[in-house]
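> Provided below are the primary sequence and the corresponding predicted coordinates.
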Amino acid sequence: MTKPTESELEILRILWAKGPSSVRAVNDIINESKDSGYTTTLKIMQIMVQKGLVDRDESSRTHIYRALIGQEKVQTAMLDKLMDTAFGGSASQLVLQALGRGDTSKQELEEIKALIKKLENGNQ
């Protein structure tokens, strides 16, 4: 899998959340948080087609782009790389560092506890 750049990842997150979208729709969402020109977004999305990250439907005047790679696959690949490079392959060190930041909500902690219980019982 080709590792997406930050800009490509931002576009993928939009496509995962909104589904197939036009460049204009994606650019409008990006512009809610930062200034980005339409042509910049278009160029990035064209590169993403070449990389195989997204597909473009050209059957109508307005081209529609959809993610070809799933969110979980990207997250898993990026997490594996982070765990290997920053934490020497230690999942526990990564988790301890993440939880030690204090930004974890009560609901997230409950989900983590449920996952731990599931893993302890051998149900993966």
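Good, I have the coordinates. Numbers count the residues shown, from 1 in each chain.
> switch to C-alpha atoms for all contacts and neighbour counts from now on
Noted.
> after the lowest-mean-pLDDT helix or strand in the chain, which helix or strand is next?
Confidence across the helices and strands of the chain bottoms out at helix 91-99, with a mean of 87, counting by mean pLDDT, DSSP states H and E. Next along the chain after helix 91-99, taking DSSP states H and E as the criterion, comes helix 106-120.
> gap between that following helix and the chain center?
Relative to the centre of its chain, helix 106-120 is centred 22 Å away, using Cα atoms, centre = their mean, to the nearest Å.
> residues of that helix that come out buried?
When burial is assessed from 16 or more other Cα atoms under 10 Å, helix 106-120 yields no buried residues.
> which elements pack onto that helix?
Taking 3 or more Cα pairs under 8 Å, 6 or more residues apart in numbering; DSSP states H and E as contact, there are no helices or strands that helix 106-120 lies on.
> how far away is R24 from T85?
37 Å (Cα to Cα, to the nearest Å).
> all set, thanks.
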